[in-house]
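>>> Model the structure of this input:
(one chain, ligands or ions: 2)
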Amino acid sequence: MTLNELASYTAQQFAKNYGRAPRWIVAAPGRVNVIGEHTDYNDGFVLPTAIERYTVMAADLSADGKEVVYIRDTSGAEPAFIDCSVPVKPGPPKWSNYVRGVIAALLERGIKSGGLDVLLHSNLPIGGGLSSSAALETCTATLLETVTGKQIDPLEKALLCQQAEHEFAGVPCGIMDQFISILGRENHLLLLDCRSHQTEFVPMMDPSVTLLIINTNVKRRLDAGEYAKRRRQCEIAAKILGVPSLRDANAEQLEDAKSKISGVTFRRARHVIGEIERTLLAAEGIRALNWPTVGNLMYASHASLRDDYEVSCTELDAVVEAAEAIGVKGGVYGCRMTGGGFGGCAVALIKTDQAETIAKSIAAAYKTKTGLDATIFASRPAAGVTVIKGSRLIAQAGSHPPGGFNPRMIGRNSLAFAGDFFQRNRFRALATRGHHHAEHVFLNQITARAAKPRGQQTVRGRRRAAALYVAEDGHT
Ligand code: ADP
Ligand code: MG
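Ligands and ions are numbered 1, 2, ... in the order given. Predicted coordinates:
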């Protein structure tokens, strides 16, 4: 189902439930981490992309005028009834806490939507490791921005969604999921530095390759105790190596300190240090269109997670073995478990035109090995959270622009690319995104062009720069 089809289905469901058409529709993607697992809490790098699976909210101001956000969910979950006339606290049903946390954070910032009737629909697996939780948060935040016309800086938005997950849902997640759900850009992966929060888009324009997502449908996951144990082992290793975190160590330093570190802790550190390096190499490989190299890095990542970090399981291993057996000749470059481990999904880099055959072959091998049915779908890198209906400017015909320019991008490639993107898309971006958002994006682009950090320019200064640029260019 395309995003437009999904949006119109959600609009229909809204009409069926509330007896009128929705005024706003927002869609937030799930994500898959292509490489960089268990690197986030070691200040390392991750390389996720948004995927073409979404959580969608259709909404209108509530008919009764009360300050209640009322959400019905097509999955059959109990509806949520969130009273915004009093401070918003965690409460039932459990799933509503992801939404409550975001509403509370926005209320703190003076962003108040009033009462809303909302219809929630998602074609993401819930609890399947593709971050339906972050999609729910970023969808809520963006809906409230659209309703109120108040914009939040994307970075701040990601952080407040993460905080909602920590404080309201009680899940101590990293920052990757919310970042990619907001910043995702069509045809791009996002290299995220979990220490500085700097980001860099890595283009994956080549349509001949795609990502295949294989859900083992095993809901087991790395439990809190095992997760905490691994974090502790990483901290111990960093301490022995005399570095603030494993991000600051290299393989040689680790090898030199081998006699001082216990076997298990050594292996944990070897995974993290190796994985950070693999992630950076994979980003380079993608830029260079070197798919076999990227694929091999993915296999190496899986082996390291299985043997050194010990977070894989027979089901994930079965998927990766099936992919490896197909090989490059059969269209598979690489495959690895993705997410925390012990269940959830694997991700493969494959040739687009062989996707169907590969999916069938992996499903059959998986069934033989485990007796279970995998759910498999292909996705190209997708755009981040998007307002589909309700922006003040009407969408122009033509393709959807990439999901906005992030002024915090680092590296020459990105800036060069950003310039290029800017040349091609500046007015399309203005016309197809909400006016406020478009202006925001536009001003960010101008700022980036001037190569000045955003914080150093006033809004008025940025507006003036934008006006000048438009005038110079003769495209007012
Ligand atoms: P993941 O993010 O990998 O899908 P999580 O356990 O982090 O798994 O988040 C899943 C939880 O998020 C669900 O148990 C539910 O509480 C909430 N959730 C996410 N999407 C929805 C949705 N569309 N409807 C209801 N609850 C949802
Ligand atoms: Mg989650």
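>>> List the buried residues in the helix or strand hosting Ser361.
Using DSSP states H and E, Ser361 maps to helix 355-370. For helix 355-370, the neighbour count (16 or more other CB atoms under 10 Å) marks 355, 358-359, 361-363, 365-366, 370 as buried. Where C-beta positions appear, they are placed from N, C-alpha and C, glycine not excepted.
>>> Test my guess that Asp40 contacts Met176.
Yes. Counting by CB atoms under 8 Å, Asp40 does reach Met176; the two are 5.8 Å apart.
>>> which residues do the two both contact?
46, 194 (CB atoms under 8 Å, 6 or more residues apart in numbering).
>>> Identify the residues contacting the helix holding Ser361?
Taking CB under 8 Å, 6+ apart as the rule, helix 355-370 contacts 210, 212, 214, 216, 314-315, 318-319, 321-323, 325-326, 330-332, 348, 350, 372-374, 376-378.
>>> Tabulate the buried residues of helix 355-370 (TSV), appending pLDDT.
Listed next are the buried residues of helix 355-370 as TSV, based on pLDDT from 0 to 100:
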residue	pLDDT
Ala355	98
Ile358	98
Ala359	98
Ser361	98
Ile362	98
Ala363	98
Ala365	98
Tyr366	98
Thr370	98
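>>> Mind putting these into a markdown table with distance to Pro172?
A markdown table is the format used below for the buried residues of helix 355-370 (distance: CB to CB, whole Å):
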| residue | distance to Pro172 |
| --- | --- |
| Ala355 | 35 |
| Ile358 | 36 |
| Ala359 | 34 |
| Ser361 | 38 |
| Ile362 | 32 |
| Ala363 | 34 |
| Ala365 | 35 |
| Tyr366 | 31 |
| Thr370 | 30 |
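>>> Any figure for the gap between Tyr299 and Thr293?
Counting by CB to CB, to the nearest Å, the separation of Tyr299 from Thr293 is 11 Å.
>>> now swap in Lys260 and tell me
From Lys260 to Thr293 the distance is 34 Å (CB to CB).
>>> ok, those two, which is more surrounded?
More crowded of Lys260 and Thr293, by other CB atoms under 10 Å: Thr293, with 17 against 11.
>>> Contact partners for the more buried one?
281, 285.
>>> again, 7 Å this time
The neighbours of Thr293, taking CB atoms under 7 Å, 6 or more residues apart in numbering as the test, are Gly285.
>>> pLDDT value on it, please?
If you check Thr293, the pLDDT there is 98.
>>> Please settle this for me: is it part of a strand?
No. Counting by DSSP: H, G, I helix; E, B strand; the rest coil, Thr293 is not part of a strand but helix.
>>> Look up how far ligand 1 lies from it.
29 Å (CB to the nearest ligand atom, to the nearest Å).
>>> now swap in Leu136 and tell me
4 Å.
>>> Name the nearest residue to that residue, sequence neighbours excluded.
Leaving aside its chain neighbours, Leu136 sits nearest to Tyr98 (4.6 Å; criterion: CB to CB, 6 or more residues apart in numbering).
>>> ditto for Arg270
In space, Arg270 is closest to Asp308, 5.3 Å off (CB to CB, 6+ apart).
>>> show me what contacts the one you found?
Contacts of Asp308 by CB under 7 Å, 6+ apart are 267-268, 270-271.
>>> got the residues you listed as a markdown table, with distance to ligand 1, pLDDT and neighbour count columns?
Shown next, in a markdown table, are the contacts of Asp308 (distance: CB to the nearest ligand atom, whole Å; pLDDT from 0 to 100; neighbours: other CB atoms under 10 Å):
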| residue | distance to ligand 1 | pLDDT | neighbour count |
| --- | --- | --- | --- |
| Arg267 | 26 | 98 | 17 |
| Arg268 | 23 | 98 | 26 |
| Arg270 | 27 | 98 | 21 |
| His271 | 22 | 98 | 28 |
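>>> Pick the one among the residues you listed closest to ligand 2.
His271 (21.9 Å; CB to the ion).
>>> so which strand or helix has the closest one?
helix 263-287.
>>> what helix or strand does Val118 sit in?
strand 116-122.
>>> residues near Glu5, how many?
Glu5 sits with 10 neighbouring residues when counted by other CB under 10 Å.
>>> quick one: contacts for Val56?
6-7, 10, 25, 27, 121-122.
>>> Please repeat the previous calculation with a cut-off of 6 Å.
In this structure, Val56 makes contact with 6, 10, 27, 121, judged by CB atoms under 6 Å, 6 or more residues apart in numbering.
>>> what does Pro292 give?
Counting by CB under 6 Å, 6+ apart, Pro292 has contacts Tyr333.
>>> Show the residue spans covered by the strands in the stretch 301-450 of the chain.
332-338, 345-351, 375-379, 386-389 (DSSP state E, counting those that start in this stretch).
>>> any idea whether Lys150 is helix, strand or coil?
coil.
>>> Count the residues that sit near it.
Lys150 has 15 nearby residues by other CB under 10 Å.
>>> next one: the one 5 residues further on
Using other CB under 10 Å, Leu155 has 19 neighbouring residues.
>>> ok, it to Ala269 distance?
30 Å.
>>> Also Thr375?
Separation of Thr375 from Ala269 (CB to CB): 34 Å.
>>> Look at those two and report which has more neighbours.
Ala269 (28 against 14).
>>> mind checking pLDDT for the more buried one?
98.
>>> That one against Ala238, yeah?
No. Using CB atoms under 6 Å, Ala269 makes no contact with Ala238, being 7.8 Å away.
>>> Quick check: neighbours shared by the two?
What both Ala269 and Ala238 touch, as defined by CB under 6 Å, 6+ apart, is the set Leu246.
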